[in-house]
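In: With the input below, show me the fold.
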Amino acid sequence: MNPQDIDQIETWLVAAGLAGKAEIKLLEGFCERCRAAGLALSRSIAVIDTLHPIYEGRGFRWRDDGQEEKPIIEYGPTNEGPAAETWQRSPFNHLLTVGANEIRRRIGHGDPIDFSMLDELKAEGHTDYVALVHRLDRDHQIGGMDCVYSSWVTRRPDGFTDGDLAALRRLVPALALAIKSASLARIAGTLVEVYLGRDAGQRVLRGRISRGVADWINAVLWYSDLHNYTSIADSAEPDQIIPFLNDYADLVISAVHEAGGDVLKLIGDGTLAIFNASDPAEACRSALRAEAILRGKIAELNRRRTAENRPVTSVYLGLHIGDVFYGNIGSENRLDFTVVGPAVNEVSRIASMCRSADRSMLVSAAFTAAAPESDRAKLVCVGRYALRGVGRADELFTLDPALL
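Out: Numbering: from 1, shown residues only. Down below sits the predicted model:
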């Protein structure tokens, strides 16, 4: 590669990083430009740890032979199971262990096949392998994101030239920086959605972070909690309580998401969610669909937990529709993105009436009136109730037991 090609590729990397290109697009664009400039790459992988509740990190793969291969891989913990063994045999782990930044194996010219995948690469006709690690400053790491790893392979009969290696050493740090930038943006998106909810998270990322900035919206409100949770928690072994809560919270959250709603808050065993009511009838239909999904999921979970001799429960659910403020509430340095207003108080009171009415779900008269006619026909009145903290009594409805 000549200096002009190197400068052009470096300029492209900077522009692509600033433009927010995804990690796989960065790797693909980089490899294709290197090949066009005479650096005969045949395979490459870039790896970076992340901050995610399920995955430890992500890998991005490129190859020149057109063979189908999943370009993006997400991996779990590398400190247990088969993944740990693979990691311990990898060049990347070796580099971290010995504190080096680069390792090379001329696999087509007699170098030892002492790391995972090198035997496979040699069998495919590759001749030279280089692994690099670019460390991130310890004081600015997020989660496990402490390095960007990469490996570079060629089929060129004589392997990489000194010029090839010099070009990689010059250019890969810029690629690593661009990949880090894309991964940090992804982490930010993951964090706000995991902790704030999908819609609220996206609003925050778009800049809705000022105290008092809120929209006046009409929404279907969902409030649910677990039946008899306090007594179950008091009698259960301490190490069973969190798995118990996680099992049932997972069902509630997944049901709301499947039906198009957004979970805003987990309050102990309670869940507050909304369904956007720009079309009130459709929002009511979505909330009822979420309830039906949840009912089926709980039945299945309870069969499994019963067979495992673990405690089971059910969900009390209140549904209401009304106008609420949706936005930032709190102090200058500690905000919560949520909904506030009398309708929020009402939906929690409706849910709490499930015990008195001996029903697993209760919905307000306003919700019933807004629901599509086909769904409204499935709802029956259970009586008129005074809700604590609400200045008027309200008729409450539930699904006709004959239809369950």
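
In: Give me the pLDDT for residue 238.
Out: Note for residue 238: predicted pLDDT of 86.

In: Ok, the one 4 residues further on next?
Out: We note a pLDDT of 93 for residue 242 in this prediction.

In: For residue 269, see how far away it is.
Out: 12 Å (CB to CB, to the nearest Å). The C-beta positions use only the backbone N, C-alpha and C, and glycine is treated the same way.

In: which one of the two has more residues nearby?
Out: Ranked by neighbour count (other CB atoms under 10 Å), residue 242 and residue 269 place residue 269 first, with 21 against 9.

In: list the contacts for the more buried one?
Out: Neighbour list for residue 269: 225, 226, 229, 245, 248, 249 [criterion: CB atoms under 8 Å, 6 or more residues apart in numbering].

In: repeat for residue 324
Out: Contacts for residue 324 were tallied using CB under 8 Å, 6+ apart; they are 216, 217, 218, 219, 221, 274, 339, 340, 341, 343, 344.

In: residues in contact with the third one?
Out: With contact set as CB under 8 Å, 6+ apart, residue 218 has these partners: 277, 278, 280, 321, 322, 323, 324.

In: got it, and the fourth one?
Out: If a contact means CB under 8 Å, 6+ apart, then residue 219 has 274, 275, 276, 277, 283, 321, 322, 324, 326, 339 as its contacts.

In: Within the sheet, what are the partner strands of the host helix or strand of the second one, with directions?
Out: Taking DSSP states H and E as the definition, one finds residue 275 inside strand 270-276. Paired neighbours of strand 270-276 in the sheet (DSSP bridges): strand 214-226 (antiparallel), strand 262-267 (antiparallel).

In: in the helix or strand following that strand, what's buried?
Out: Next along the chain after strand 270-276, taking DSSP H and E as the criterion, comes helix 280-307. Going by neighbour count (16 or more other CB atoms under 10 Å), the buried part of helix 280-307 is 280, 282-291, 293-295, 297-298, 301-302, 305.

In: cool, and stretch 101-110?
Out: Going by neighbour count (16+ other CB under 10 Å), the buried part of stretch 101-110 is 103, 104, 105, 107, 108.

In: same check, this time on stretch 136-150
Out: 136, 142, 145, 146, 147, 148, 149, 150.

In: and the two most separated of the residues you listed?
Out: Spatial extent of those (CB to CB) is set by the pair 142 and 150 at 19.4 Å.

In: Tell me where the stretch 51-200 of the chain has helices.
Out: Assigned helices in the stretch 51-200 of the chain, in chain order: 81-88, 91-98, 118-123, 162-196, 198-205 (criterion: DSSP state H, counting those that start in this stretch).

In: most neighbours, which of the contacts of residue 324?
Out: residue 221 (31 neighbours).

In: residues making contact with the least confident helix or strand in the chain by mean pLDDT?
Out: One helix or strand of the chain scores below all others by mean pLDDT, DSSP states H and E: helix 81-88, with a mean of 79. Identification of contacts with helix 81-88 by CB under 8 Å, 6+ apart yields 75, 76, 77, 78, 93, 116.
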